[in-house]
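here is my input; please provide its structure:
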Amino acid sequence: MQNPAHDLIALTRALALDALRAIYPPQCLTCDAQVEAEGKLCAACWPQMPFIFPPCCDGCGLPLPGENLAETALCDDCLTLARPWEQGRAALLYDDKARKVLLGLKYHDRMEYTRPAAQWMARQARAIRQPGMLVAPIPLHWLRLAKRRYNQAVMLSRALAQELQLDHCPDLLVRRRYTGTQEGRNRAGRFENVAGAFRPHPRRAHLLEGRHVLLVDDVMTAGATFAAATEACRAHGAASVRVIALARVARSD
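Have a look, this model is predicted:
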């Protein structure tokens, strides 16, 4: 049975949104051009956004040359490095256009980027989705979280879990020590910096037992952070771990 009060609230919200859009028409995510709906890219910006399409590396999501490659094809990095996770994907190749979205999410409170970014990630994540999978973000250290006020990986993982209709745990892992920034470190330095940096939240560790896990972050460079977080999940009983980033940096050194 329909609830008249709920219908009235929904109608009021719709009218308010229509009025707001009449005053402030929806704009493209990365420029000032008007678009038909919130969270869209304009016709000029869409082809400039560096979306990753198949074929891509099954380990990290980097685009691969050629066509109709095997699903298990790997890039040079993933052939060289032993990845502790089963599969990995990314929605965008990191470039200036992707960087604008990432920095907006990370530092400039551009919350409106979250939903479209999650939709882009979901297109890639469906290829590695597992039944009963648990979605969780890469955590920030509490000192950085206090300074930044929010963790963009939590925003992305929550929206991605909704897109994929999967369970979400925003505090599955904790960062047990402050690791600083990875910028400026070479590949070996990145792995050394985050080794042993993660552990399950004491009240969430039981969720890992026998569970397929999807770890979410905004950027993958060398894969060191994902590797350290994966090892923490596997050490506490996760059946498998897969990873996804909004953007993949093409070269780590």
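
neighbours of the residue nearest to Asn151 when sequence neighbours are not counted, just the number please.
With sequence-adjacent residues excluded and distances taken as Cβ to Cβ, 6 or more residues apart in numbering, Asn151 is closest to Leu140, at 4.8 Å. The C-beta positions use only the backbone N, C-alpha and C, and glycine is treated the same way. Neighbour count of Leu140, defined by other Cβ atoms under 10 Å: 20.

do the one 5 residues further on as well
Using other Cβ under 10 Å as the criterion, Leu145 is surrounded by 14 other residues.

tell me the mean pLDDT for whatever helix or strand it lives in?
For Leu145, the host element (DSSP states H and E) is helix 142-148. For helix 142-148, the mean pLDDT works out to 83.

hmm, who's touching it?
106-107, 140, 151, 175, 178 (Cβ atoms under 8 Å, 6 or more residues apart in numbering).

if you rank these by neighbours, which is first?
Arg175 (22 neighbours).

what's the helix or strand where Ala117 lies packed up against?
Counting by DSSP H and E, the element that carries Ala117 is helix 114-125. Helix 114-125 sits against strand 87-93, helix 96-107, helix 152-164, strand 240-248, with contacts defined as 3 or more Cβ pairs under 8 Å, 6 or more residues apart in numbering; DSSP states H and E.

in the longest one, which residues are buried?
Buried positions in helix 152-164, judged by neighbour count with 16 or more other Cβ atoms under 10 Å: 152-161, 163-164.

so which elements touch the helix or strand just after that helix?
The C-terminal neighbour of helix 152-164 among helices and strands, as given by DSSP H and E, is strand 167-168. In this structure, strand 167-168 makes packing contacts with strand 134-137, helix 152-164, judged by 3+ Cβ pairs under 8 Å, 6+ apart.

hang on, the earlier thing: part of a strand, is the residue nearest to Asn151?
No: counting by DSSP: H, G, I helix; E, B strand; the rest coil, Leu140 is located in no strand; its state is coil.

still on that earlier bit, turn the buried residues of helix 152-164 into JSON lines, including pLDDT and distance to Pro50.
Listed next are the buried residues of helix 152-164 as JSON lines, based on pLDDT from 0 to 100; distance: Cβ to Cβ, whole Å:
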{"residue": "Gln152", "pLDDT": "93", "distance to Pro50": "19"}
{"residue": "Ala153", "pLDDT": "95", "distance to Pro50": "20"}
{"residue": "Val154", "pLDDT": "95", "distance to Pro50": "24"}
{"residue": "Met155", "pLDDT": "94", "distance to Pro50": "21"}
{"residue": "Leu156", "pLDDT": "96", "distance to Pro50": "17"}
{"residue": "Ser157", "pLDDT": "97", "distance to Pro50": "22"}
{"residue": "Arg158", "pLDDT": "96", "distance to Pro50": "24"}
{"residue": "Ala159", "pLDDT": "96", "distance to Pro50": "20"}
{"residue": "Leu160", "pLDDT": "98", "distance to Pro50": "19"}
{"residue": "Ala161", "pLDDT": "98", "distance to Pro50": "24"}
{"residue": "Glu163", "pLDDT": "97", "distance to Pro50": "20"}
{"residue": "Leu164", "pLDDT": "98", "distance to Pro50": "23"}
